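Build me a model:
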Amino acid sequence: MEGTELVKAEVVELGTLRASSAEEMVSEASGIAKSLTKVIEKNKLFTKIGHRKHVHVEGWTTLLALLGIVPREVSIEEKADGGYIAVVELVRMSDSTVVGRASAECGMDEPTWKSRPRYARRSMAATRATGKAARLGFSWIISLAGYDATPYEEMNVGGVTAAPAKAEPVAAPAGQTTLIHPADEVCVHYGKNAGTPVSELNDWKLGFYYLKAAENMLKPQHSDADKALHAACIAEHEKRQIDLPEPDDDKYQQ
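Below is the predicted model:
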């Protein structure tokens, strides 16, 4: 028509996602979310805290791979006190464009990480930065998949372990030849079993205190002791090769 100018719709690119409208973007992302859910559920790449599923960093990096994006470590700085700060950026594989960036810390003020080897603190800082970078750009896709938008590793800041399936022993103090398991160091800090090491709890009590600690961590005023107890219970479950209990399990209701 004379006097009418056709305007080409602007295409938005997010990794492999390409869309010219919000509806198209959500539709494409929903397809990726469905594929992601299958991987996360099949491989148990999440931990349930309360009624919410928090995805492990392996699940977040799976999402990045589906989007044609890879994380790249930019820097890791050791602080004067022995903690680490890591910076990770997200790179689109097709053209090496940086599409995201974040920093995260693993500090010596965290109850048990301060006892871990230097390499473990360094690795955790990078792990947290990777999950955070993915969250900042793509948490909305994780939400479309039905999961909580906060990575598990961020929920566990101040705790003992990053992923329950990979709980590592703590390095022994100088002069000792054995390794100390996290559950040997952390004690219950309330109730009838206050002062009891997590490793000495029977299976029922271990599950009970895991659920109580997970519930407490959802509260804004939760303490470092709650974080340490939660992570130690996870580590002890893995050590005994028993499954973590579900919050609605009647066996643990009192």
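
From here on, just use CA atoms for contacts and neighbour counts.
Will do.

Next, the contact list for the nearest residue to Ile76 once chain neighbours are set aside, please.
Setting aside the residues directly before and after it, Ile76 is nearest to Ala86 in space (Cα to Cα, 6 or more residues apart in numbering), at 4.2 Å. If a contact means Cα atoms under 8 Å, 6 or more residues apart in numbering, then Ala86 has Glu73, Val74, Ser75, Ile76, Glu77, Ser103, Ala104, Glu105, Arg122, Ala125, Ala126, Ala129 as its contacts.

Confirm Ala86 sits in a strand?
Yes - with DSSP: H, G, I helix; E, B strand; the rest coil as the criterion, Ala86 is part of a strand.

now this structure, which segments are flagged as low pLDDT?
The chain contains residues with pLDDT under 70 at 1-9, 11-12, 14-15, 112, 156-185, 253-254.

Mind doing that once more with 80?
The chain contains residues with pLDDT under 80 at 1-21, 50, 111-114, 155-186, 217-225, 227-228, 231-232, 235, 238-240, 246-254.

which strands and helices sit next to whichever helix in it runs longest?
The longest helix of the chain (DSSP state H) is helix 118-144. Other elements packing on helix 118-144 under the criterion 3 or more Cα pairs under 8 Å, 6 or more residues apart in numbering; DSSP states H and E are helix 22-43, helix 57-66, strand 69-78, strand 84-92, strand 98-106, helix 152-155.

can you do 7 Å?
Helix 118-144 makes packing contacts with helix 22-43, helix 57-66, strand 84-92, strand 98-106 when contacts are defined by 3 or more Cα pairs under 7 Å, 6 or more residues apart in numbering; DSSP states H and E.

Which of the ones you listed sits closest to Leu136?
Closest to Leu136 of these is strand 98-106 (Cα to Cα; 7.7 Å).

and the closest one, which residues are buried?
Within strand 98-106, the residues scored as buried using 16 or more other Cα atoms under 10 Å are Val99, Gly100, Arg101, Ala102, Ser103, Ala104, Glu105, Cys106.

do you know how far the residue nearest to Arg101 when sequence neighbours are not counted is from Thr16?
If the residues on either side of it in the chain are set aside, Arg101 comes closest to Glu89, at 4.0 Å by Cα to Cα, 6+ apart. Counting by Cα to Cα, to the nearest Å, the gap from Glu89 to Thr16 is 17 Å.

And the helices in the stretch 101-250 of the chain, which stretches?
Per DSSP state H, counting those that start in this stretch, the stretch 101-250 of the chain carries helices over the ranges 118-144, 152-155, 182-185, 203-217, 224-240.

Make JSON lines from these and add mean neighbour count to it.
As requested, the helices of the stretch 101-250 of the chain are exported to JSON lines (neighbours: other Cα atoms under 10 Å):
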{"stretch": "helix 118-144", "mean neighbour count": "21"}
{"stretch": "helix 152-155", "mean neighbour count": "20"}
{"stretch": "helix 182-185", "mean neighbour count": "22"}
{"stretch": "helix 203-217", "mean neighbour count": "20"}
{"stretch": "helix 224-240", "mean neighbour count": "24"}
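
Go through these and name the closest to Val26.
Judging the helices of the stretch 101-250 of the chain by Cα to Cα, what sits closest to Val26 is helix 118-144, at 8.7 Å.

Now do that closest one: distance to the chain's middle.
Here helix 118-144 shows a centroid-to-chain-centroid distance of 7 Å under the convention Cα atoms, centre = their mean, to the nearest Å.
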